[in-house]
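Trainee: Below are the sequence and a predicted model; questions follow.
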Amino acid sequence: MADAQLKLQMRDGLRPGEKVVVLEGVLNADTAFHFRDLVRQGEPTTLVVDMSKVRYVDSSGLGVLIGAYVSFDRSCRRLLLAGLNDRVWELFRMCKVDDVFTRYPTVADAQRF
């Protein structure tokens with residue numbers, strides 16, 4: 001199904017060791033493993049996840065984000081989320097993980113920290 005696809009693009013961030021991954025589409029059970037595999041590559045010190053073009057996240061997608069966060073936290077690295085829409089953020093609130101992640105309005109805002 002074309003509506004259930006996820007496009008991923010990784011680029012260098014502003015600082016050494018920083019990467020930005022741009023997600024576009026749906027982060028769900030069918031697409032989450034693509035994100036997981038991309039995040040495991042290179043092990044940047046900071047990864048900013050641009051979710052401004054993500055239309056929907058299901059529990060599998062949320063699980064992959066939580067797993068990535070835990071992995072980064074254990075190795076003293078940072079995973080920052082940017083551009084989440086209110087619908088996606090509501091899933092974080094319902095699952096009571098909104099206090100785990102810091103939500104930045106834009107990638108530029110996330111890169112300031």
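Mentor: Received the coordinates, thanks.

Trainee: Poorly predicted segments of the protein, please.
Mentor: Along the chain, segments meeting pLDDT under 70 span 1-3.

Trainee: All the strands of it, in order from the start?
Mentor: Using DSSP state E, the strands of the chain run over residues 6-12, 18-27, 46-57, 78-82, 103-104.

Trainee: and the residue nearest to the spatial centre of the chain, what does it touch?
Mentor: The C-alpha lying nearest the average C-alpha coordinate of the chain belongs to residue 49 (Cα atoms, centre = their mean; 3.9 Å). Residue 49 makes contacts with 20, 21, 23, 65, 79, 80, 81, 82, as judged by Cβ atoms under 8 Å, 6 or more residues apart in numbering. The C-beta positions use only the backbone N, C-alpha and C, and glycine is treated the same way.

Trainee: Can you pick out the most distant pair from the residues you listed?
Mentor: Pairwise distances across the contacts of residue 49 (Cβ to Cβ) peak at 15.5 Å, for the pair 20 and 65.

Trainee: These two: who's more crowded?
Mentor: Taking neighbours as other Cβ atoms under 10 Å, residue 20 and residue 65 compare with residue 65 leading, 25 against 21.
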